[in-house]
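Novice: Fold the following and give me the result.
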Amino acid sequence: MKILVAVNEFKGSLTSREIAELISKLANERYKNIEIEPEVIADGGDGFLDIFNNFSEKEVLVTNAMGEKIKASYLVDYDNKKAVIEVAEIIGLKKVSEKNPYLASTYGLGEVIKSLLQENIRDFIIGLGGSATNDCGIGMLSALGYKFFDKNNNECIHGINALSKINRIDDSYLNENLKNAKFTLVSDVENILCGQEGATYVFSKQKGLKEENFQIVDDYVNKFTRIVYNKYNTNYSNILGSGAAGGLAYGFLTFTNSEIKKGSDFMIEYLKIEEKIKEVEIVITGEGKLDLQSFMGKAPIEIARLAKKYKKSVIFLAGTISDKEIDTLNASTKGIIDASFSILRGISTLDEAMNKVIAISNLENTVSQVFNLLEIFKDEQ
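Specialist: So this is what the prediction gives:
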C-alpha cells in the first residue's frame with residue numbers, strides 16, 4: 001500500500017518536514033505493507049523555504065519588522081540568478097519581540113532584496129505569509145530607492161504611522177538593478193487590499209491593531225492607493241491576494257515587475273503533486289486546525305481535491321477539528337475528505353498540545369491507529 005504524506009505544518013508545534021519524517025519512520029519500523037512517499041509542503045507562509053531543493057541556504061543578520069537585528073535564512077541559486085525569500089523569516093510575527101503595526105516596517109525585506117540585487121540575482125520567489133506589518137510595502141520600497149514624503153517634505157518610511165502621512169512619491173532615486181528584476185509572489189490568502197475583507201480588517205488584529213482602529217487604518221491605506229493612482233494611473237488594490245502580508249503584495253504589484261500566484265497552486269505545480277498522487281492509493285494530508293478556513297484555498301484541501309480527481313482515498317490529520325463548522329458545508333465538499341482525525345489523545349491545554357514532545361507522541365499514536373485500520377482493511381479484502 002503506497003501512501004503520499006503531504007501535511008502542512010502544525011503552526012508553532014511541528015513542521016511539515018518533521019511530520020513527514022515521523023510518519024515515514026513509523027511506517028518503516030512497524031508496518032511492512034505500508035510504503036510512504038513523504039512530501040514537505042507550504043503555500044507561502046511559515047516553512048515556505050523547506051519545499052525548495054537545489055538552492056544554497058544563507059543565514060544572515062537582517063533587520064526585523066521592529067528594527068531589531070536578527071538572524072534569518074533565505075535561499076540562493078547564483079547560477080540561475082534566483083532567490084527564495086520567506087517573508088515570515090525576516091519581518092514575520094515570529095521574529096519580533098513586540099507587536100506594533102504603527103511602527104512595524106518591511107524595510108528589512110527591502111535591504112535583503114537590495115543586497116541580492118547587488119549579487120546579480122534577478123529572479124525572486126517571495127512567500128508572503130506570516131508578516132508583522134501593515135505598511136503596504138513602503139518600508140521595502142524605501143530601501144529600494146522609492147521615496148515617500150509628507151506635506152512638509154519629511155520622508156515617510158516605517159509602518160502605519162508613516163503610511164498615514166504620505167503626500168507624494170518620488171521614484172527618481174530608484175535602484176537601477178530593480179528594473180531588471182522579476183518577483184513571483186506566493187500567497188496563502190486571496191484577500192484584496194481594502195475593506196472588510198481586506199488586509200487591515202482581516203489580519204491586523206493578530207499584528208497588534210485594535211479593532212476600533214481598523215477603519216481609521218483602512219482609510220490610510222485607501223488614501224495611499226489614491227496617491228499611487230494619481231501618479232501612475234494604476235490600481236492593484238482589488239487584485240486577489242493584494243492584501244497579503246499587510247498590503248506588501250500590493251506594494252510589489254504596483255512598484256515592481258511582479259505577478260501573484262495562489263500558494264496552493266504554486267506549490268502543487270512546483271512539487272509535481274498531481275503526478276505523485278497518481279502513483280499512490282491513499283493521500284494523508286492535514287494542518288493544525290481543520291475548519292471552514294481550510295476550505296478557502298488552503299494547500300491541504302486543494303491536495304485533497306486533486307486526490308479525488310483521481311479517486312484516491314484522503315485521510316486528514318489535524319490538531320483540532322471544528323465539526324460544527326465542517327457540518328455547514330455541503331456533502332460534496334465534505335466528501336473530499338474520507339476520514340479526519342484529531343491527533344489530541346486526551347484533555348489538555350493549548351500549551352500542552354503544542355509542546356513538541358507531546359505533539360510528537362500524539363501524532364505517533366494517532367497515525368499508528370490509522371495504519372492499524374488500513375492493515376485490517378487490507379487483510380479483509
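Novice: From here on, just use CA atoms for contacts and neighbour counts.
Specialist: Fine.
Novice: Whatever helix or strand Arg305 lives in - contacts with which helices or strands?
Specialist: Using DSSP states H and E, Arg305 maps to helix 299-309. With contacts defined as 3 or more CA pairs under 8 Å, 6 or more residues apart in numbering; DSSP states H and E, the packing partners of helix 299-309 are helix 263-270, helix 273-278, strand 282-290, strand 313-321.
Novice: can you pull the contacts of the residue nearest to Glu155 when sequence neighbours are not counted?
Specialist: For Glu155, ignoring the flanking residues on the chain, the nearest one in space by CA to CA, 6 or more residues apart in numbering is Phe149 at 4.5 Å. Shown in contact with Phe149 (CA atoms under 8 Å, 6 or more residues apart in numbering): Glu155, Cys156, Lys165, Ile166, Asn167, Arg168, Ile169, Asp170.
Novice: And the helices in the stretch 151-300 of the chain, which stretches?
Specialist: 159-163, 199-203, 214-232, 244-255, 263-270, 273-278, 299-309 (DSSP state H, counting those that start in this stretch).
Novice: out of those, deepest packed?
Specialist: helix 244-255 (a mean of 26; mean count of other CA atoms under 10 Å).
Novice: contacts for that helix?
Specialist: 106, 128-138, 141, 183, 185, 187, 189-193, 199-200, 203-204, 234-237, 241-243, 258-260.
Novice: ranges for the strands of the stretch 51-200 of the chain?
Specialist: 56-63, 69-77, 82-86, 123-127, 147-149, 168-170, 182-187 (DSSP state E, counting those that start in this stretch).
Novice: Only C-alpha atoms, please: export stretch 41-55 in CSV.
Specialist: Presented in CSV, the C-alpha positions along stretch 41-55 are these (Å, rounded to 0.1, in the frame of the first residue of the first chain):
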residue,chain,number,x,y,z
ILE,A,41,4.5,21.3,1.8
ALA,A,42,3.9,25.0,2.4
ASP,A,43,1.8,27.5,0.5
GLY,A,44,3.7,30.8,1.1
GLY,A,45,3.7,31.1,4.9
ASP,A,46,5.9,29.7,7.6
GLY,A,47,8.1,26.8,6.3
PHE,A,48,8.0,28.0,2.7
LEU,A,49,11.8,27.6,2.3
ASP,A,50,11.6,23.9,3.1
ILE,A,51,9.9,23.0,-0.2
PHE,A,52,12.8,24.0,-2.3
ASN,A,53,15.8,21.9,-3.4
ASN,A,54,18.9,22.8,-5.4
PHE,A,55,19.4,26.2,-3.6
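Novice: quick one on the thing from earlier: which among the contacts of helix 244-255 count as buried?
Specialist: Neighbour counting with 16 or more other CA atoms under 10 Å marks 106, 128-138, 141, 183, 185, 187, 189-193, 199-200, 203-204, 236-237, 241-243, 258, 260 as buried within the contacts of helix 244-255.
Novice: what about the protein, any weak spots by pLDDT?
Specialist: Where the chain drops to pLDDT under 70, the residues are 379-381.
Novice: switch the cut-off to 90
Specialist: By pLDDT under 90, the low-scoring segments of the chain are 11-12, 32-33, 43-47, 53, 129, 188-190, 292-298, 345-348, 350, 375-381.
Novice: what about the closest residue to Ser16 other than its chain neighbours, neighbour count?
Specialist: Excluding its sequence neighbours, the residue lying closest to Ser16 (CA to CA, 6+ apart) is Glu9, at 4.2 Å. Using other CA atoms under 10 Å, Glu9 has 24 other residues around it.
Novice: I figured Glu9 was touching Thr15, is that so?
Specialist: Yes - here Glu9 lies in contact with Thr15, judged by CA atoms under 8 Å, at a distance of 4.3 Å.
Novice: Could you tell me which residues touch both of the two?
Specialist: With CA under 8 Å, 6+ apart as the test, Glu9 and Thr15 both reach Gly47.
Novice: Of all residues in the protein, which one is nearest the centre?
Specialist: Gly45 (1.8 Å; CA atoms, centre = their mean).
Novice: give the contact list for it.
Specialist: Glu86, Val87, Ala88, Gly127, Leu128, Gly129, Gly130, Ser187, Asp188.
Novice: got those as CSV, with distance to Glu39 columns?
Specialist: Putting the contacts of Gly45 into CSV (distance: CA to CA, whole Å) gives the following:
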residue, distance to Glu39
Glu86, 19
Val87, 22
Ala88, 21
Gly127, 18
Leu128, 21
Gly129, 20
Gly130, 22
Ser187, 20
Asp188, 18
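Novice: okay, among the contacts of Phe149, which ones form the most distant pair?
Specialist: For the contacts of Phe149, the farthest-apart pair by CA to CA is Lys165 and Asp170; their separation is 14.6 Å.
Novice: Who has more neighbours out of the two?
Specialist: Lys165 (19 against 12).
Novice: Need phi/psi at the more buried one.
Specialist: Backbone torsions for Lys165, taken as degrees, to the nearest 10, come to phi -100, psi -10.
Novice: Around the residue nearest to it when sequence neighbours are not counted, count how many other residues there are.
Specialist: Among residues not flanking Lys165 along the chain, Asp150 sits closest, at 5.2 Å (CA to CA, 6+ apart). Residues within reach of Asp150, counting by other CA under 10 Å, total 16.
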